[in-house]
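>>> Here is a sequence together with a model predicted from it:
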Amino acid sequence: MELKTLVQGKDELDAGKAVEYIEGCEGARLVLIYSSLKNEFINLDYVEKLIENLKTDFIGARVAASVTNQGYNENAISYAILCGDIEHRIYHTKTDYENPHKTAEKIIPELKGYTNCLAYSANYIKENIHVDNIFQQVQKQHPNLQINGGITAPPPIVFDKNGIYEDSIILAALKNKKTDFYIDCGFKLREDSEKYTITKADEKGIKEINHKPAIAEYSRMTHTQPYMMKTVFNISSRLDWAKMTGALSKSNPILQEAIQNIYTNILGKESKTGIVNMMFSQPGENTLIPNNIIPEGSQVKWTATTPQKQLAVYDRFTEKHLKARGVIADDCCIRAFWFNHQLDKMAEKLMKLEYPYIFNHMNSELGTKTPYTHQKENILHGGTLKALVFK
């Protein structure tokens with residue numbers, strides 16, 4: 001298997017040239033397309049041209065930004081072209097948020113016999129918990145299937161050669177045993193933190209913390225009123241929400257305090273994957289909605305990080321994977337906020353890699369270590385870097 005990449009910035013967009021390049025790649029079998037174009041009209045027009053003209057199988061998703069061998073770009077189309085003897089299949093389905101089990105039942109038989117699954121979900125953050133539910137069920141039925149992917153940036157869409165989809169999950173299943181999975185987050189649990197117990201919860205959210213109504217207790221713990229939580233999370237419906245979060249935190253003292261409380265003072269719990277499972281949460285109707293399923297009985301603590309520890313995520317990755325054939329990674333789009341938007345330093349660290357790579361900034365990341373032997377282990381996380389490394 002060989003990975004090739006192509007990037008077209010906003011000033012050099014040409015779907016025809018992209019199609020010509022891809023069709024000219026010897027042995028091209030599958031193309032992964034990531035769009036961070038800010039102009040939605042231009043983006044949809046470009047994708048429609050690909051649907052009309054690109055013969056090679058492809059799937060695509062909207063991302064907040066991408067980092068490639070050419071550097072950081074938040075207004076471009078990036079391509080990962082998989083070449084060689086790769087057996088694959090593409091599948092997409094509408095997501096039933098009211099009945100995640102129904103969606104999982106559709107996906108499970110489509111993945112039988114495959115080793116890897118690149119998966120992207122077009123949904124807003126408030127629906128993440130349902131997507132985590134879906135992929136927990138999928139992973140339970142396919143414990144050795146390595147899932148990689150993420151939640152698309154807003155406005156959330158995914159696409160393939162048959163169309164553009166909202167509120168949908170798109171999959172590219174592969175048979176390729178020569179891969180590694182990498183996961184990191186840059187956070188740790190604070191040793192001096194008080195422990196809080198999730199005393200009542202289900203797969204739709206948290207009802208009680210320490211036997212108290214969850215929203216009121218979480219509001220007290222984070223010193224943030226529920227209406228302000230909703231204001232901050234509403235920003236996440238914007239394509240540029242990571243950058244907007246940083247700008248607002250500097251310009252408005254009230255929003256600055258709320259953003260700091262929500263995105264810096266974060267609860268988390270221990271994970272069997274070795275990372276901290278970050279509990280990003282927003283208020284719903286009498287329910288606190290975390291980014292993924294937090295089971296009843298879980299104990300959570302405050303987490304800690306620094307800009308240096310967030311940037312060190314890339315140091316650890318490059319040190320471990322200096323020699324590879326290619327990388328497709330999904331990275332938390334809010335990480336730049338945690339390392340003070342030092343994007344040049346991030347890109348500089350990744351430039352140590354001499355093989356093709358794409359690090360996509362997603363709204364949350366999909367995947368966990370396999371085999372999947374831990375019941376109820378989360379598949380979807382926030383604040384992580386997850387990478388599919390081709391050996």
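Right, received. Where do you want to start? All values reported here derive from a predicted model rather than from experimental measurement.
>>> Any stretches of the chain with poor pLDDT?
Flagging of the chain using pLDDT under 70 yields the residue ranges 237-243, 246, 249.
>>> Just the helices from it, written as ranges.
15-23, 40-53, 100-107, 128-141, 214-222, 226-234, 241-251, 253-263, 307-320, 335-338, 343-350 (DSSP state H).
>>> Among the ones you listed, single out whichever gets nearest to Val389.
For Val389, the closest of the helices of the chain is helix 307-320, at 8.8 Å, according to CB to CB. The C-beta positions use only the backbone N, C-alpha and C, and glycine is treated the same way.
>>> Let me know the angle separating that closest one from helix 343-350.
Interaxial angle of helix 307-320 relative to helix 343-350 (axes from the mean of the first three to the mean of the last three CA atoms, to 10 degrees): 20 degrees.
>>> So which residues lie in contact with helix 307-320, not counting its own?
Contact with helix 307-320 is made by 182, 184-187, 329, 335, 338-340, 342, 345-346, 349-350, 352-353, 385, 387, as judged by CB atoms under 8 Å, 6 or more residues apart in numbering.
>>> Among these, name the buried ones.
Burial by neighbour count, 16 or more other CB atoms under 10 Å: within the contacts of helix 307-320 this picks out 182, 184-187, 329, 335, 338-339, 346, 349-350, 353, 385, 387.
>>> Closest to His101 out of these?
Cys185 (28.6 Å).
>>> Tell me who's in contact with the closest one.
The contact partners of Cys185, by CB under 8 Å, 6+ apart, come to 275-276, 278, 313, 381, 383-385.
>>> Show me what Ala201 bridges to in the sheet.
Ile206 (DSSP bridges).
>>> who's in contact with it?
Contacts of Ala201 (CB under 8 Å, 6+ apart): 207-208, 214, 294-296, 298.
>>> could you dump the contacts of Cys185 to TSV with distance to Leu174?
Below are the contacts of Cys185 laid out as TSV (distance: CB to CB, whole Å):
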residue	distance to Leu174
Ile275	24
Val276	29
Met278	28
Val313	25
His381	22
Gly383	26
Thr384	21
Leu385	21
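>>> Count the neighbours of Ala122 for me.
Neighbour count of Ala122, defined by other CB atoms under 10 Å: 27.
>>> how deep is Tyr165 tucked in, by neighbour count?
The number of residues packed near Tyr165 is 18, by other CB under 10 Å.
>>> between the contacts of Cys185, which is closest to Lys55?
Of all those, Lys55 sits closest to Leu385, with 33.2 Å by CB to CB.
>>> thought the closest one was touching Asp184?
Yes - in this structure, Leu385 is within contact of Asp184 by CB atoms under 8 Å, at 4.9 Å.
>>> Now the buried members of the contacts of Ala201.
Using 16+ other CB under 10 Å, the buried ones in the contacts of Ala201 are 207-208, 214, 294, 298.
>>> tally of neighbours for Lys38?
Neighbours of Lys38 (other CB under 10 Å): 13.
>>> Show residues contacting stretch 330-337.
Residues outside stretch 330-337 that contact it (CB under 8 Å, 6+ apart) are 63-65, 67, 148-150, 153, 186, 241-243, 245-246, 249, 263, 310, 313, 342-343, 346, 359-367, 382-387.
>>> Please enumerate the strands of the stretch 51-200 of the chain.
With DSSP state E, counting those that start in this stretch, the ranges of strands along the stretch 51-200 of the chain come out as 57-62, 65-68, 71-73, 76-83, 87-94, 116-121, 146-151, 158-160, 163-165, 168-175, 179-184, 188-189, 196-202.
>>> The fifth one to strand 168-175, inter-axis angle?
Put plainly, it is strand 87-94. Going by the same axes, to 10 degrees, strand 87-94 is angled at 170 degrees with respect to strand 168-175.
>>> With just CA atoms, put strand 87-94 into PDB.
C-alpha atoms of strand 87-94 as PDB (Å, rounded to 0.1, in the frame of the first residue of the first chain):
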ATOM      1  CA  GLU A  87      -9.600  -4.500  -0.800                       C
ATOM      2  CA  HIS A  88     -12.300  -2.000   0.400                       C
ATOM      3  CA  ARG A  89     -15.900  -1.200   0.400                       C
ATOM      4  CA  ILE A  90     -17.800   2.100   1.000                       C
ATOM      5  CA  TYR A  91     -21.100   2.300   3.000                       C
ATOM      6  CA  HIS A  92     -23.200   5.200   4.300                       C
ATOM      7  CA  THR A  93     -26.300   5.300   6.400                       C
ATOM      8  CA  LYS A  94     -28.600   7.900   7.900                       C
END
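>>> What strands line up against that strand, and which way round?
If you go by DSSP bridges, strand 87-94 pairs up with strand 168-175 (antiparallel).
>>> hmm, what's the outermost residue in the chain?
In the chain, His211 marks the outermost C-alpha relative to the chain mean, sitting 31.9 Å out by CA atoms, centre = their mean.
>>> who's in contact with the nearest residue to that one once chain neighbours are set aside?
Ranked by CB to CB, 6 or more residues apart in numbering and with sequence neighbours excluded, the top spatial neighbour of His211 is Thr199, at 4.9 Å. Contacts for Thr199 (CB under 8 Å, 6+ apart) come out as 208-211, 296-297.
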